[in-house]
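Participant: coordinates for the following, if possible.
(4 chains)
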Number of protein chains: 2
Amino acid sequence: MAADLSILSDSPLFKSISAEEILKVLERVPYKIRKFKSGSLIAQTGDRLLSFHLILSGSVKGEMVDYAGRIIKIEDVHAPHAIAAAFLFGDRNIFPVNVVTTSDTRILVIDKDDFLRLLGNDKRILSNFLDMMSNRSQFLSDKIKFLNFKTIKGKLAQFILQRTTPERPSFRLEMTQSDLADYFGVARPSVARAVGELEDEGCIEASGKQILVTDRKRLLQMTDD
Amino acid sequence: MAADLSILSDSPLFKSISAEEILKVLERVPYKIRKFKSGSLIAQTGDRLLSFHLILSGSVKGEMVDYAGRIIKIEDVHAPHAIAAAFLFGDRNIFPVNVVTTSDTRILVIDKDDFLRLLGNDKRILSNFLDMMSNRSQFLSDKIKFLNFKTIKGKLAQFILQRTTPERPSFRLEMTQSDLADYFGVARPSVARAVGELEDEGCIEASGKQILVTDRKRLLQMTDD
DNA sequence: GGTAAATTGTAACAAATGTTACAAAATCAG
DNA sequence: CTGATTTTGTAACATTTGTTACAATTTACC
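Facilitator: Numbers count the residues shown, from 1 in each chain, chains lettered A, B, ... in the order given. Coordinates of the predicted model:
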């Protein structure tokens, strides 16, 4: 049976590899496709992670359960991206979160050893996978840099500076203030307050989700404190 | 010339590979060895990163310069570990920090393409490198979890819990409160205050740098808030 | 276009942390 | 041992952020 694997062309793992080639590669590697209804628990925190998982269709979320039993959403992953790829290798091969499907979902599963063989056999896939891992690390590093800024205004200023240049001083915020608050690890009204203060001080002008930097120098000064 | 490469047996990249085999592998891969005096600037933030770097002897530190021109030490790397391996791949191949030697240092350098070939040719080295990248991500994830604890008491509780078990409830703090404050990214007197409060509440007993956990359950409860 | 839902702005107040300062205690160097 | 230096405990007060609540605004959907 020829399951629908066409989406793999859009996956970072198979970047710049044609659909036919992908199929040819997969013929030489044992894999399974697992199907889940929306809302299924795919894996729990602490489960052994022994296979590479890639979402073919649908989406999942990662959740943590804290000591008080509260559930905290960590992140969403959509097709055609991989799940917990950073935990397949290394010294701690366990799911760091509960994984729950948020829609009907099909997942491509390749055992770790087979996956390693796949990487060894195809330079492009290897290179793509290394890129994925690196990007993940870089993302996490950036996040840490943010969390280390002391004030919310500092975090916000840094965030805005990264998305603009003196030549293109305007950008569109593609997330809600609530998302931004989660990203910064602060409360949502505090973000709104910080935005308001940056406006009052004449550093930016915000209309809806469009943000215009009007005093880049002052913004820069806020990133240390 | 036979440079001293024996230390490579201890490197995570060549884990469980014999010294002779390592030499054999390196014969098939172009590499260079660069030597630096203590205190040399090896790379600056933003420099293109196009080669794999591994410290053969000596040590380096990564430094950031903030807007005010202050220098902040980010981390130390010693032989036989790799430098900025997570930034060799991915979409941003630049040094994230200034790299400065902290002692006389020799560094093994392999161009990215050659390094990729090396990974493709040897399953064990590939697996080791993936482990290194994964461990890095896992380390960063943990650090983020740490920084996300809202209260200083929460961070401190987590810190203490990580260093004790129900069986060995006591440990010696090998750093000053000032170091701890830097690690948490908070002010020094705030750490002192948090320690005092944990004592008052009967969770721990601190005498000098020796810390004894007396109510592990309560400590656990503090790690959420 | 109109209604429901999500997002944003704002305020009052509580809680946590920072800042500064100083004295007590511990550690170090000779 | 002793004086100097570092580290720690503590306090008063300022600042920042969180919490809660609600209204205004925007967005999504029918």
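Participant: residues touching A:Ser57, list them.
Facilitator: A:Ser57 makes contact with A:Asp4, A:Ile7, A:Ala79, A:Asp104, A:Thr105, A:Arg106, according to CB atoms under 8 Å, 6 or more residues apart in numbering or on different chains. Placement of C-beta: from N, CA and C, glycine included.
Participant: er, A:Leu88 actually
Facilitator: Contacts of A:Leu88 by CB under 8 Å, 6+ apart are A:Leu49, A:Ser51, A:Phe52, A:Lys112, A:Phe115, B:Leu130, B:Ser134.
Participant: in a markdown table: those, plus pLDDT and neighbour count.
Facilitator: Formatted as a markdown table, the contacts of A:Leu88 follow (pLDDT from 0 to 100; neighbours: other CB atoms under 10 Å in any protein chain shown):
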| residue | pLDDT | neighbour count |
| --- | --- | --- |
| A:Leu49 | 96 | 20 |
| A:Ser51 | 97 | 19 |
| A:Phe52 | 97 | 24 |
| A:Lys112 | 96 | 16 |
| A:Phe115 | 97 | 24 |
| B:Leu130 | 97 | 24 |
| B:Ser134 | 95 | 22 |
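Participant: out of the residues you listed, name the ones that lie in strands.
Facilitator: Among those, the members falling in strands (DSSP state E) are A:Ser51, A:Phe52.
Participant: closest one of the contacts of A:Leu88 to DNA strand D?
Facilitator: Nearest to DNA strand D among the contacts of A:Leu88: B:Ser134, at 30.6 Å, using CB to the nearest atom of the strand.
Participant: give me every residue in chain A lying close to chain B.
Facilitator: Within chain A, the residues that sit near chain B (CB under 8 Å from any CB of the partner chain) are A:66-68, A:70, A:86-92, A:96, A:116-117, A:119-120, A:123, A:126-127, A:130-138, A:140-141, A:143-144, A:147-148, A:150, A:185, A:220-221, A:223-224.
Participant: for the closest residue to A:Lys15 other than its chain neighbours, the count of nearby residues, please.
Facilitator: Of all residues not flanking A:Lys15 in the chain, A:Asn128 sits nearest, at 5.1 Å (CB to CB, 6 or more residues apart in numbering or on different chains). When neighbours are defined as other CB atoms under 10 Å in any protein chain shown, A:Asn128 has 20 of them.
Participant: Three-state assignment for A:Asn128, please.
Facilitator: Secondary structure state of A:Asn128, per DSSP: H, G, I helix; E, B strand; the rest coil, is helix.
Participant: hmm, A:Ile22 and it touching each other?
Facilitator: No: look at A:Asn128 against A:Ile22 with CB atoms under 8 Å: they stay out of range, at 11.5 Å.
Participant: need the residues touching each of the two.
Facilitator: Counting by CB under 8 Å, 6+ apart, the residues touching both A:Asn128 and A:Ile22 are A:Phe14.
Participant: picking that back up, just the ones of the contacts of A:Ser57 in helices?
Facilitator: Among the contacts of A:Ser57, no residue falls in helices (DSSP state H).
Participant: list only buried entries from those residues.
Facilitator: A:Ile7, A:Ala79, A:Thr105, A:Arg106 (16 or more other CB atoms under 10 Å in any protein chain shown).
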